[in-house]
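1. got a predicted structure plus its sequence, pasted below:
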Amino acid sequence: MSSPHIKSAAVTAALTALDEGRRPDRPVLREAVRTLLAALAERAPGRSVEVRVPPYGAIQCLPGPRHTRGTPPNVVEMAPEVWLALAAGRLEWDAAITEGRVQVSGTRADLSGHLPLELG
């Protein structure tokens, strides 16, 4: 997938800041997170898993049973920096889980087949 919106300046700026050991500016980080969440939702459409990257965004993705009320049974949650690293291929899914950097619940809460996203 090489969707044009993944090539956003915010994604590039956020990854550059992280590479340099800096925390990206809040608006840049927010836009980068939301851009990459939208790309995941586009790449893996569906409503069976909720991916949360507080405080910036959450999406539903992956085909399967749709969740409509209450706490979803399949949830993936992580910090913004972890999401950027996973989406960019700088962190492997299994390592993130093993290190406790990603919290998952439910039998469908596995994004390994959909990451990393192609950043152009």
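-> Perfect, I can see it now. All of these numbers come straight from a predicted model, not from anything done at the bench. Numbering: from 1, shown residues only.
2. helices of this structure, start to end?
-> Assigned helices in the chain, in chain order: 9-19, 26-43, 80-88, 93-98 (criterion: DSSP state H).
3. pick the most deeply packed of those.
-> Of all the helices of the chain, helix 80-88 has the most neighbours on average by mean count of other Cβ atoms under 10 Å, namely a mean of 23. Where you see a C-beta, it was placed from the backbone N, CA and C, and this is true even at glycine.
4. contacts for it?
-> 11, 14-15, 18, 29, 32-33, 36-37, 39-40, 53, 56, 78, 90-91, 93, 96, 101-102, 111, 115-117, 119 (Cβ atoms under 8 Å, 6 or more residues apart in numbering).
5. one step back: let's have the helices of the chain in JSON lines, adding distance to residue 74 and mean pLDDT.
-> Converted to JSON lines, those look like this (distance: least, Cβ to Cβ, whole Å; pLDDT from 0 to 100):
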{"stretch": "helix 9-19", "distance to residue 74": "26", "mean pLDDT": "95"}
{"stretch": "helix 26-43", "distance to residue 74": "14", "mean pLDDT": "96"}
{"stretch": "helix 80-88", "distance to residue 74": "17", "mean pLDDT": "97"}
{"stretch": "helix 93-98", "distance to residue 74": "14", "mean pLDDT": "97"}
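6. in TSV, list those helices along with distance to residue 73.
-> Below are these laid out as TSV (distance: least, Cβ to Cβ, whole Å):
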stretch	distance to residue 73
helix 9-19	30
helix 26-43	18
helix 80-88	21
helix 93-98	18
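7. so which of those helices gets nearest residue 65?
-> Across those, residue 65 has its closest neighbour in helix 26-43 (17.0 Å, Cβ to Cβ).
8. put the alpha carbons of that closest one into PDB.
-> Coordinates of the C-alpha atoms in helix 26-43 are reproduced here as PDB (Å, rounded to 0.1, in the frame of the first residue of the first chain):
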ATOM      1  CA  ARG A  26       2.100  17.700  20.200                       C
ATOM      2  CA  PRO A  27       0.200  18.800  17.000                       C
ATOM      3  CA  VAL A  28       2.700  17.000  14.800                       C
ATOM      4  CA  LEU A  29       2.500  13.800  16.900                       C
ATOM      5  CA  ARG A  30      -1.300  14.000  16.900                       C
ATOM      6  CA  GLU A  31      -1.500  14.300  13.100                       C
ATOM      7  CA  ALA A  32       1.100  11.600  12.500                       C
ATOM      8  CA  VAL A  33      -0.800   9.200  14.800                       C
ATOM      9  CA  ARG A  34      -4.100   9.900  13.200                       C
ATOM     10  CA  THR A  35      -2.700   9.700   9.700                       C
ATOM     11  CA  LEU A  36      -1.200   6.200  10.300                       C
ATOM     12  CA  LEU A  37      -4.400   5.000  12.100                       C
ATOM     13  CA  ALA A  38      -6.400   6.100   9.100                       C
ATOM     14  CA  ALA A  39      -4.000   4.200   6.900                       C
ATOM     15  CA  LEU A  40      -4.400   1.000   9.000                       C
ATOM     16  CA  ALA A  41      -8.200   1.300   8.800                       C
ATOM     17  CA  GLU A  42      -7.900   1.700   5.000                       C
ATOM     18  CA  ARG A  43      -5.500  -1.300   4.700                       C
END
